[in-house]
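Visitor: what follows is a protein structure lacking sequence information:
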């Protein structure tokens, strides 16, 4: 590496916190998904369609930059980080910046909806600590479309960009954009500044798909603003519905070359476009029994019933029983797959029983009875796996996934997937792992939400969203918000 190379520090803390989940996010939660630094972080992300993958590709294509991966941590959405965990990750990142410097640029890959016990604004506090450690060194940050953006972040960062698609198939494109702007800033071509405007509204995430509907209209406004004013970036953030924080809800963040007044005016205009469409985000959905009945009456082909209230990528626990109870009560005679229950004890027991053994116990409602009682099950252990697969995409393409030990339990026409680790069933490779032939499946009941559609919208004859009791339920006004502004929900 040339002594004249520019040095880029990369760190990542990607987590979406559901304040109403009974499952805390622990250090083990990160180790089960992403807990790397140095060359291990680069190897983990190389070739995948994530921010990390884009960073590796940027470094490969820019030999004038030398990249150093500091702590990179990511976990499946769940409850708040317990006291001390956020502080320890932050301290490790800051220590790496101080010990490894000087730097020509720093890139932080964040989700933007982090929630931590005893911390007012964990994403902001991390950025503050990074800024204090690096001084005036150019800082680029990327966020998820569902970030609950704290406006105090704006003056702390130089470059900011967020996902423009939901499902999030532009994670890599977002990082590529931010790193390109950072490169231009270091070269002296631009002097980026950022502004944030909050909408004061908490919105339901289920109706934030960017292919159609209110979010598609808002994205069109953002692109028009970029073209009209020559903005470096304009991102509309829907916010994460289930993060109970003082700055919860939608927002607009704009990055401009040198003109902070323009940045604020553009952010205000984009936020107004979100506020104008508030009512369009709300919708009604059938319950589990009605949703399954509609699915069975749908045209021939694979039909998916989606339980967004227990979607793991919304902080669901993959343990609520309402949809499964409706499946059992319906007793379908067509090939049916239920994906999935996150139940380590059942997964371990199935492996003890072995393929061909019989499982007699209950599923769902084992973690908490708040969303319904467990459902008795007598099923054959049909298949066991080690839980290892690689996403086929188009979301998080080529990312390696570890579900821990998994099992497929067969009960008449119903096949039930149980996993040791919780990760949403959003990729075809998930079903390949479990020997599920989706072409021969009629009814697919999935604990998922919009990300499922990235790979399956074209494959399904119909997709039916339902609402049921769960930590990511549609009617979020029933949740015990304490810190979010009351007018927002």
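Guide: Alright, I've got the coordinates. This one's a predicted model, so the numbers in the text were calculated from it and none came from an experiment.
Visitor: in contact with the residue nearest the centre of the chain, which residues?
Guide: Nearest to the mean C-alpha position of the chain, by Cα atoms, centre = their mean, lies residue 313 at 5.2 Å. Residues near residue 313 by Cβ atoms under 8 Å, 6 or more residues apart in numbering: 16, 76-77, 424, 426, 448-449, 451. Every C-beta, even on glycine, is put in place using the N, C-alpha and C of the backbone.
Visitor: which among those residues gets closest to residue 336?
Guide: Nearest to residue 336 among the contacts of residue 313, counting by Cβ to Cβ, is residue 448 at 15.9 Å.
Visitor: so is the residue nearest to the centre of the chain in a helix, a strand, or just coil?
Guide: At residue 313 the chain is in helix, as set by DSSP: H, G, I helix; E, B strand; the rest coil.
Visitor: can you tell me how far it is from residue 238?
Guide: Using Cβ to Cβ, to the nearest Å, we find residue 313 at a distance of 14 Å from residue 238.
Visitor: could you do residue 334 as well?
Guide: For residue 334 relative to residue 238 (Cβ to Cβ), the value is 36 Å.
Visitor: so the two - more neighbours on which side?
Guide: Comparing residue 334 with residue 238 by other Cβ atoms under 10 Å, the one with more neighbours is residue 238, at 28 against 12.
Visitor: ok, now which ones touch the more buried one?
Guide: Going by Cβ under 8 Å, 6+ apart, residue 238 touches 145-146, 166, 203, 205, 208, 215, 250, 274.
Visitor: give the ChimeraX command for selecting the buried subset of those.
Guide: The buried residues among those can be selected in ChimeraX (16 or more other Cβ atoms under 10 Å) with this line:
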select :145,146,166,203,205,208,215,250,274
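Visitor: out of the contacts of residue 238, which are inside helices?
Guide: Judged by DSSP state H, the subset of the contacts of residue 238 located in helices is 215, 274.
Visitor: is it possible to export the contacts of residue 238 to CSV including pLDDT?
Guide: Listed next are the contacts of residue 238 as CSV, based on pLDDT from 0 to 100:
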residue, pLDDT
145, 98
146, 98
166, 97
203, 97
205, 92
208, 96
215, 98
250, 97
274, 98
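Visitor: what is the nearest of the contacts of residue 238 to residue 471?
Guide: Using Cβ to Cβ, residue 205 comes nearest to residue 471 of the contacts of residue 238, at 12.8 Å.
Visitor: the closest one and residue 473 touch, don't they?
Guide: No. Between residue 205 and residue 473 there is no contact under Cβ atoms under 8 Å: 11.3 Å.
Visitor: returning to that earlier point: roughly how far does the residue nearest to the centre of the chain sit from residue 205?
Guide: Distance from residue 313 to residue 205, by Cβ to Cβ: 10 Å.
Visitor: so what sits against both of the two?
Guide: Common neighbours of residue 313 and residue 205 (Cβ under 8 Å, 6+ apart) are residue 449.
Visitor: how near is the residue nearest to the centre of the chain to residue 137?
Guide: Residue 313 sits 33 Å away from residue 137, going by Cβ to Cβ.
Visitor: ditto for residue 104
Guide: 7 Å.
Visitor: please apply the same query to residue 246.
Guide: Taking Cβ to Cβ as the measure, residue 246 falls 29 Å from residue 137.
Visitor: of those two, who's got more company?
Guide: Using other Cβ under 10 Å, the more surrounded residue of residue 246 and residue 137 is residue 137, with 19 against 12.
Visitor: perfect, that will be all.
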